[in-house]
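In: Sequence and predicted model, in that order:
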Amino acid sequence: GDRVDDPLNQEPRGSNGISIAPKLTENGNALFLINPHTSFFFRSELHMVSEEGLNAYGATTWGQFFIYQGFNERLGWMHTSTYADVLDEYRETILDTDLGYYYQHGEEKKPLTTKEITLRYKAEDGTMQDTTLTGYYTHHGPVVRADEDGGWITMALMHRPVDALRQSFGRTKAQNWDEFYEAMSIRTNSSNNTVYADADGNIAYYHGNYLMKRDDSFDWSQPVDGSDPATDYQGMHSMEEMMIIKNPENGWLQNCNSTPFTAAGEYSPSPEDFPKYMVPDRENYRGIHAVQVLEGKTGWTLDKLRAAAYDPYMPGFADMVPGLVSAMEADRLSVPDPNLYEQLKDWDFKWSVESVPTTLAHFWATEMVRLVRESGAETPEGVYPYIAEGAPDAMRLAALSNVVNTLTEDFGSWEVPFGEVNRYQRINSEIVQPFSDDQPSIPVKFASGRWGSLAAYGARKYPGTKRMYGTRGNSFVAFVEFGDRLSAHSISTGGGSDNP
């Protein structure tokens, strides 16, 4: 089946974007979900208007003077972080000569270029000091580090800051598909995919935006040999060569930092048509969940889209928890309390504030990840498929016992409703909160995006706390309908003020 990714089991720094075509909606207008998952208070919600025709609404990151994820009266754009390979490392063959440093490139020996870089810094006594470093460069890029053998590693990545600003601002003023496509043709949105919808009824998905052509036979996920000219970039991919899905037959598009090969259900692109470095993205449980809420549905409205975005089902637990239930059935004596089995055997894998199974499953799966990694049993498919299919029953039951012990120690019982342990707290105006179980907090029903909750809430315990406090996940959320008159609902975690 599809591999399910797990970047070290942290809350995914990701996002969800969904577009629905007019043929599937009740009012015959395109619908759009903007749902970035960032750290809280990292997005400001605002409306930007100018006398030159700018009229855009949405979310910005600190310091941006353009709407980063949002909409104007005619169209909307939602960026999800991409895994398309936009940065490469080269292991250079360096020659230290009387004339300075050279590097091998094919048959040639080429001089490294150097640049003096002066950095200003604040010294311990409070005064401003400066220090000068020498930067070394090959045609691939700057030397950024040494590898474990002391070899010099250069990095190739996009450095077109002015074009990137032109593109980011230009998107916000685009009034139709052609103008938006023209802005995207600058090809500097290197870290993102883009989900799109407009008032003319178009929906689209762009996978990445800045991509260099290279020889697909190399493993670009590792440093490549800089002395081999075959590893040199061969120019930029044109827009025609990139993956862009426009108006697919199924009438919807989704991306949740997941594989684009399920972006449009059965009408998605085929892996054979693209180089591996362009689309290394794996499937994840949010992507699986998005397809489940979209497939086969019609009569969409803003309210129905909102219900889908907050659907409480967690496909990750539907994969993993049945293995725990069978382990309990096979070895009843190792189950700390028979009521654990009762709680989990008929669970519908949905979160709620009252849900005890969500608490058990969250801590159990987190503990399983730790045990799998500790035992070195992780497979190339990733840790979640192993927990679902390959993990021994003894490990599953050991993880459960550990969780029961911790919950009982912290809360006096293992029967803890999810909202009791999963909290939102904002004590002061700081970005980094001094979380405390003694201060007021609010119960949260959303679970981690790792388990496939589209409405994601990344929470963990902090020094001195028994409860988990959230710092990332659903941050800015907007639901948009592009009709003759624009209709939209939006919300920002923590509101628009830095005063709690």
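Out: All right, it came through fine.
In: Could you measure from the residue of the chain most remote from its centre over to Asn176?
Out: In the chain, the residue that sits farthest from the middle, by CA atoms, centre = their mean, is Asp98; the gap is 48.5 Å. Using CB to CB, to the nearest Å, one gets 62 Å for the distance from Asp98 to Asn176. (Glycine included, C-beta is placed from N, CA and C.)
In: repeat for Lys461
Out: As judged by CB to CB, Lys461 and Asn176 stand 49 Å apart.
In: pull the CA atoms of stretch 18-32 into CSV?
Out: The C-alpha trace of stretch 18-32 is given here as CSV (Å, rounded to 0.1, in the frame of the first residue of the first chain):
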residue,chain,number,x,y,z
ILE,A,18,-8.9,21.6,-0.8
SER,A,19,-10.6,22.9,-3.9
ILE,A,20,-14.0,21.8,-5.1
ALA,A,21,-15.3,22.5,-8.6
PRO,A,22,-18.7,24.1,-9.3
LYS,A,23,-20.2,20.9,-10.6
LEU,A,24,-20.1,19.3,-7.2
THR,A,25,-21.4,22.3,-5.2
GLU,A,26,-24.9,23.3,-4.3
ASN,A,27,-24.6,26.9,-5.6
GLY,A,28,-22.5,26.1,-8.7
ASN,A,29,-19.5,28.0,-7.3
ALA,A,30,-16.0,26.8,-6.6
LEU,A,31,-15.3,26.2,-2.9
PHE,A,32,-11.9,26.4,-1.2
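In: any idea how far the residue nearest to Glu116 when sequence neighbours are not counted lies from Trp152?
Out: Distances taken as CB to CB, 6 or more residues apart in numbering put Thr132 closest to Glu116, at 5.5 Å, once the chain neighbours are dropped. Thr132 sits at a distance of 20 Å from Trp152 (criterion: CB to CB).
In: and the residue farthest from the centre of the chain, backbone torsions?
Out: When quoted as degrees, to the nearest 10, the phi and psi of Asp98 stand at phi -60, psi -20.
In: residues near Leu69, how many?
Out: To be clear, residue 69 is Gln; Leu isn't right here. Close neighbours of Gln69, defined as other CB atoms under 10 Å, add up to 26.
In: Please parse this structure into its domains.
Out: 15-83+160-208+243-298, 87-157, 315-445 (automatic domain parsing).
In: Which of the ones you listed sits closest to Ala307?
Out: Closest to Ala307 of those is domain 15-83+160-208+243-298 (CB to CB; 8.6 Å).
In: if we can go back for a sec, closest to Ser492 out of the domains of the chain?
Out: Of all these, domain 15-83+160-208+243-298 sits nearest to Ser492, with 4.4 Å by CB to CB.
In: How far does the closest one stretch from one end to the other?
Out: Criterion CA to CA, to the nearest Å; first-to-last residue distance in domain 15-83+160-208+243-298 is 24 Å.
In: Just the helices from the stretch 301-450 of the chain, written as ranges.
Out: Assigned by DSSP state H, counting those that start in this stretch, the helices in the stretch 301-450 of the chain fall at 302-309, 315-330, 338-345, 356-375, 383-385, 393-411, 418-421.
In: so what does the fifth one touch, helix or strand wise?
Out: This points to helix 383-385. Where contact means 3 or more CB pairs under 8 Å, 6 or more residues apart in numbering; DSSP states H and E, helix 383-385 is packed against helix 315-330, helix 356-375.
In: Once you drop chain neighbours, what's closest to Val86?
Out: Spatial nearest neighbour of Val86, chain neighbours left out: Ser190 (4.4 Å); criterion: CB to CB, 6+ apart.
In: So that neighbour is in contact with Met236, correct?
Out: No - in this structure Ser190 lies outside contact range of Met236 using CB atoms under 8 Å: 11.1 Å.
In: okay, and the common contacts of those two?
Out: Shared contacts of Ser190 and Met236 (CB atoms under 8 Å, 6 or more residues apart in numbering): Tyr210.
In: the more surrounded of the two?
Out: When Ser190 and Met236 are compared for neighbours, Ser190 comes out ahead with 18 against 14, by other CB under 10 Å.
In: wait, what's in contact with that one?
Out: The contact partners of Ser190, taken as CB under 8 Å, 6+ apart, are 86, 157-158, 164, 208-210.
In: Which helix or which strand is home to the residue nearest to Val86?
Out: In the assignment (DSSP states H and E), Ser190 maps to no helix and no strand.
In: What confidence value was assigned to it?
Out: Model confidence at Ser190, given as pLDDT, is 93.
In: how close does it get to Thr82?
Out: According to CB to CB, Ser190 and Thr82 sit 8 Å apart.
In: okay, and the common contacts of the two?
Out: The contact lists of Ser190 and Thr82 share Gly208, where a contact means CB under 8 Å, 6+ apart.
In: Low-confidence stretches in the stretch 401-500 of the chain?
Out: Nowhere does the stretch 401-500 of the chain drop to pLDDT under 70.
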